[in-house]
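Asks: The sequence isn't on hand, but the structure is:
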């Protein structure tokens, strides 16, 4: 019986490595722990912690297979830390490529590669992103290729942009060199005349791609960013050493939505031309902001590159899909964008989408060369901790578990909106009409402050209500005043929070995100109603006191 159990366990592990697909049914904790310890044994770091070695050093014997004489040998002092990481102390990648295998860390390297395959399998078969084989042996779709980075979404965005910049420099330099050769050929009198019916060779180095008479390509140092009031996006662009042009958003005439201004994007493309490295769009955002129209943006970028971009790298398109994997509608939009136009990189958070601690990101692309550039741009080795968390979680979920949490979120979405509408009617407010955002929901707070109050006093009162929600153990909500300004790294955002300079409402947002349970949702609305009543009672009491003091 014992041998039968052992063989059955080995069979599951063998199947995992052979098929490299997420198992339908999640593994038990014991199965996962056993595999992790087996992988850690493949690494060359010492089998015991430094603390344990020191305590037994008086024997004078070293009983382990490997001895380390380098400056970094994966040694761990604390047994508790070693247990937390299952002895995997070498990290992942090498100094030149975060996805490259380490000879000293075979187990860690195998874990990274397998985790990536499982993650891509989950988003393809679970979240519905395309990543199938297209024409010939070429993969297609947003999840065709990927890499995992052990940093948060914002830092990953900076790394993606840096990788795209390095790739663009090489492609533009190659194109400029080819253009120069072509130009020399056309000016050489020894070259025969152009055959009838053929256009003469043209030199695109006289186009906007070239910066001077020496045929030096223009440095791509600008990112066009469709405004989304999240600090990390803006800071990520600056951290990559690039200039950010903030594109305004537009208010939808028939709803409360704030969305992409395609006209402003067209103008910026024509204005900055081949100085533009990339356009950065967003698919997951706080209400009333809705996902960018990334399919139209992708088509617009592709058309511009074909018509005015000349040869070279062209303008890239990066999609901030931070927590968009949990929304089927958003994933369909991303699939369409990759079909009709240009999408170079998609950035997804591991914590928001797969319910692991903060610290990791999944980068996907329809283009393997883009993924290669990003992986090679990571400086040094990387922590394996976020990958271990993701690996454990995916195996624990299985495909059925992952689909289950996505389906549960979808089921709760309609209930969440109904309860939000009920709460709004009780408060004399209304739910913001933003049908294209099915994760974040908004409710006006226009009645919390009287019409006679100026914006400053209104904003102060609204801020107090947000604080009251938090002190009553309600986290994650956002209370957004009207007309607030915030300066980030020298740029002032007017109407910060709503992603629009003149949004007409004071409002709050709450999200129905993956992992929320129905009982937690019900408790949230109970506390929200109680907080509203307590706030109004306290506010009215203070106003009455001020009124009495004025007589």
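Replies: Received it, and whenever you're ready, just let me know what you need. What you are looking at is a predicted structure, and each value in this text was computed from that prediction instead of being measured. Numbering: from 1, shown residues only.
Asks: Would you indicate which residues of stretch 335-347 are buried?
Replies: 335, 336, 337, 338, 339, 341, 342, 343, 344, 345, 346, 347 (16 or more other C-beta atoms under 10 Å). For glycine as for every other residue, the C-beta is placed from the backbone atoms N, C-alpha and C.
Asks: What ranges does the stretch 101-250 of the chain have for its helices?
Replies: 106-125, 153-187, 231-239 (DSSP state H, counting those that start in this stretch).
Asks: what helices or strands is the first one leaning on?
Replies: Spelled out, it's helix 106-125. helix 29-41, strand 145-149, strand 361-365, helix 385-427 (3 or more C-beta pairs under 8 Å, 6 or more residues apart in numbering; DSSP states H and E).
Asks: next one: the shortest one
Replies: On a contact count with 3+ C-beta pairs under 8 Å, 6+ apart, helix 231-239 meets helix 153-187, strand 222-226, strand 243-247, strand 276-282, strand 485-488.
Asks: where along the stretch 451-551 of the chain do the strands fall?
Replies: Ranges of strands in the stretch 451-551 of the chain, per DSSP state E, counting those that start in this stretch, are 478-480, 485-488, 491-494, 507-511.
Asks: could I get the ones you listed as CSV with distance to residue 305 and mean pLDDT?
Replies: Output for those, formatted as CSV (distance: least, C-beta to C-beta, whole Å; pLDDT from 0 to 100):
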stretch, distance to residue 305, mean pLDDT
strand 478-480, 37, 91
strand 485-488, 30, 88
strand 491-494, 27, 90
strand 507-511, 36, 94
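Asks: Run the chain-centre distance for the helix or strand where residue 271 lies.
Replies: Using DSSP states H and E, residue 271 sits in helix 262-272. Put simply, helix 262-272 sits 25 Å off its chain's centre (C-alpha atoms, centre = their mean, to the nearest Å).
Asks: How about stretch 224-233?
Replies: Taking mean C-alpha positions (C-alpha atoms, centre = their mean), stretch 224-233 and its chain are 13 Å apart.
Asks: again with stretch 536-546
Replies: 44 Å.
Asks: Going by residue numbers, what spans are helices in the stretch 451-551 of the chain?
Replies: With DSSP H, counting those that start in this stretch as the criterion, the stretch 451-551 of the chain has helices spanning 455-471, 518-549.
Asks: in the longest one, what counts as buried?
Replies: Neighbour-count burial for helix 518-549 flags 521, 524, 528, 531, 532, 535, 539 (criterion: 16+ other C-beta under 10 Å).
Asks: so how many other residues sit close to the residue lying closest to the last one once chain neighbours are set aside?
Replies: Same thing as residue 539. What sits nearest to residue 539 in space, not counting adjacent residues and going by C-beta to C-beta, 6 or more residues apart in numbering, is residue 461, at 6.9 Å. By other C-beta atoms under 10 Å, 19 other residues sit near residue 461.
Asks: heads up, I number from 22, so please use that
Replies: Renumbered: residue one is now 22, and that last one reads residue 482.
Asks: number of nearby residues for the closest residue to residue 531 other than its chain neighbours?
Replies: Setting aside the residues directly before and after it, residue 531 is nearest to residue 498 in space (C-beta to C-beta, 6+ apart), at 5.1 Å. Look at residue 498: counted by other C-beta under 10 Å, it has 17 neighbours.
Asks: In contact with residue 498, which residues are there?
Replies: The contact partners of residue 498, by C-beta atoms under 8 Å, 6 or more residues apart in numbering, come to 487, 490, 529, 530, 531.
Asks: okay if I get those residues as JSON lines plus distance to residue 183 and neighbour count?
Replies: What follows is those, written out as JSON lines (distance: C-beta to C-beta, whole Å; neighbours: other C-beta atoms under 10 Å):
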{"residue": "487", "distance to residue 183": "36", "neighbour count": "17"}
{"residue": "490", "distance to residue 183": "38", "neighbour count": "22"}
{"residue": "529", "distance to residue 183": "37", "neighbour count": "23"}
{"residue": "530", "distance to residue 183": "32", "neighbour count": "22"}
{"residue": "531", "distance to residue 183": "35", "neighbour count": "24"}
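Asks: picking up where we left off before, tell me which two of the buried residues of stretch 356-368 sit farthest apart.
Replies: Distance extremes for the buried residues of stretch 356-368: the farthest pair is 360 and 368 at 19.6 Å, using C-beta to C-beta.
Asks: and residue 452, backbone torsions?
Replies: Residue 452 adopts backbone torsions of phi -80, psi 140, taken as degrees, to the nearest 10.
Asks: Surely it and residue 461 touch.
Replies: No - between residue 452 and residue 461 there is no contact under C-beta atoms under 8 Å: 11.7 Å.
Asks: mind listing what's buried in the helix holding residue 292?
Replies: In helix 283-293, counting by 16+ other C-beta under 10 Å, buried: 283, 285, 286, 289, 290, 293.
Asks: Which single one of those is nearest to residue 390?
Replies: residue 290 (23.2 Å).
Asks: What residues does the closest one make contact with?
Replies: Residue 290 neighbours (C-beta under 8 Å, 6+ apart): 245, 297, 321, 322, 325, 329, 336.
Asks: what's the most distant pair in those residues?
Replies: Greatest spacing in the contacts of residue 290, by C-beta to C-beta: 245 and 329 (14.7 Å).
Asks: The two: which is more packed in?
Replies: Using other C-beta under 10 Å, the more surrounded residue of residue 245 and residue 329 is residue 245, with 25 against 16.
Asks: possible to save the buried residues of helix 283-293 as CSV with pLDDT and distance to residue 467?
Replies: Shown next, in CSV, are the buried residues of helix 283-293 (pLDDT from 0 to 100; distance: C-beta to C-beta, whole Å):
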residue, pLDDT, distance to residue 467
283, 96, 30
285, 96, 28
286, 97, 32
289, 97, 34
290, 96, 38
293, 95, 39
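Asks: Among those, which one sits closest to residue 96?
Replies: residue 293 (50.4 Å).
Asks: Need the nearest residue in space to the closest one, chain neighbours excluded.
Replies: With C-beta to C-beta, 6+ apart as the criterion, residue 293 has its nearest non-adjacent residue at 5.3 Å, and that residue is residue 243.
Asks: Look at that neighbour and report its pLDDT.
Replies: pLDDT recorded at residue 243 is 97.
Asks: Please name the bridge partners of it.
Replies: Residue 243 has these beta-bridge partners by DSSP bridges: residue 264, residue 297.
Asks: who touches it in this structure?
Replies: Per C-beta under 8 Å, 6+ apart, neighbours of residue 243: 263, 264, 265, 266, 293, 296, 297, 298.
Asks: Quick one, which of those residues are buried?
Replies: 263, 265, 266, 293, 296, 297, 298.
Asks: returning to that earlier point: now the contacts of residue 290 in CSV, with distance to residue 203 and secondary structure?
Replies: As requested, these are arranged in CSV below (distance: C-beta to C-beta, whole Å; DSSP: H, G, I helix; E, B strand; the rest coil):
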residue, distance to residue 203, secondary structure
245, 30, strand
297, 24, strand
321, 28, helix
322, 25, helix
325, 23, helix
329, 19, coil
336, 23, coil
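Asks: from those residues, which single one is nearest residue 465?
Replies: Closest to residue 465, out of all of those and judged by C-beta to C-beta, is residue 245, at 31.5 Å.
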